[in-house]
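Student: any chance you can model this:
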Amino acid sequence: MQWIKKQYSSVWLTVFTILLALLSSIFLDHEWLLDFVDEDHFVENLTLVFYAIAIVFVFIYKLGSIKFSYRFALAFILFAMMAREADLHKIFGMSMLKIKFWLTNAANVQSKLLAALIILAILIAIFYIILNNYKTWLVDLKKREAYAISVFMFFAVLVVSKILDRSVNMINEITGWMAPRWVVAFQQPQEEYLECILPILIMIAVIQYVDKKLK
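Tutor: Prediction:
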């Protein structure tokens, strides 16, 4: 476990993941690869497993070293991300994350109310952690503390994976250009592989944070 505690372990994990996705796109059959990373197939299911492990891990890793309220909030956020990965945000017939869900009759009032409560609970958990820790995190990031770097990498990977997720579709919507399969075979593995390591990055950050506190 010592490599996990190293300063740039999360950076190297991310670089390795990007290279692995790139090599997969170069050397593997594109149709097989796209099936491998498609929804409800191996990579997405592995991501869900990692989220489940991360949720349990956040609750039990070295009890007493992190406030229970922080553990609960972080586990709840991870659960929400796992639910999003499993497409549970579409339980009301349409994604509750789309503006169309709120501005049309795609869902009834009761569904919109429940969806609003779910989103509110997630936002409360996010802001609870951020507002109570962002100043310390910024200071530690400037000091290049390992956990702070890992948290930064988590947000960076999250943003990049979402951009990759929408990139080809947005280009198609704007220009009408249909990306050939070989382009999708380079884009989709990068997105799915990066999404797969998000819960791992959180576990690494937790280990590093606790290690810093116990020194």
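
Student: which residues touch the lowest-mean-pLDDT helix or strand in the chain?
Tutor: Within the chain, no helix or strand scores below helix 99-103, which has a mean of 85 by mean pLDDT, DSSP states H and E. Here helix 99-103 makes contact (C-beta atoms under 8 Å, 6 or more residues apart in numbering) with 92, 94-95, 106-107, 112, 115. For glycine as for every other residue, the C-beta is placed from the backbone atoms N, C-alpha and C.

Student: for residue 198, grab the count of nearby residues.
Tutor: Neighbours of residue 198 under the rule other C-beta atoms under 10 Å: 22.

Student: let me know the pLDDT of it.
Tutor: Residue 198 carries a pLDDT score of 98 in this model.

Student: quick one: distance of the helix or strand containing it to the chain centre.
Tutor: In the assignment (DSSP states H and E), residue 198 maps to helix 181-214. Distance of helix 181-214 from the chain centroid (C-alpha atoms, centre = their mean, to the nearest Å) equals 7 Å.

Student: may I see the buried residues of it?
Tutor: Within helix 181-214, the residues that count as buried by 16 or more other C-beta atoms under 10 Å are 183-211.

Student: report the distance from stretch 56-76 to the chain centre.
Tutor: Its chain's C-alpha centre and that of stretch 56-76 lie 18 Å apart, by C-alpha atoms, centre = their mean.

Student: contacts for that stretch next, please.
Tutor: The contact list for stretch 56-76, computed with C-beta under 8 Å, 6+ apart, reads 55, 78, 121-122, 125-126, 128-129, 132-133, 202-203, 206-207, 209-210, 213-214.

Student: for stretch 23-43, same thing?
Tutor: Here stretch 23-43 has contacts from 44, 87, 181-182, 184-186, 188-190, 192-193, 196, using C-beta under 8 Å, 6+ apart.

Student: most widely separated two among those?
Tutor: Maximum pairwise distance among the contacts of stretch 23-43 (C-beta to C-beta): 26.8 Å, between 87 and 182.

Student: per-residue confidence at residue 124?
Tutor: We have a pLDDT of 97 for residue 124.

Student: I should have written residue 173 there, sorry.
Tutor: At residue 173, pLDDT is 67.

Student: then residue 1?
Tutor: 68.

Student: for the one 3 residues further on, same thing?
Tutor: According to the prediction, residue 4 has pLDDT 92.

Student: okay, now it: neighbour count?
Tutor: Counted with other C-beta under 10 Å, residues neighbouring residue 4 total 17.

Student: so it is in contact with residue 207, correct?
Tutor: Yes. The pair residue 4 / residue 207 is scored as a contact, 5.4 Å apart, by C-beta atoms under 8 Å.
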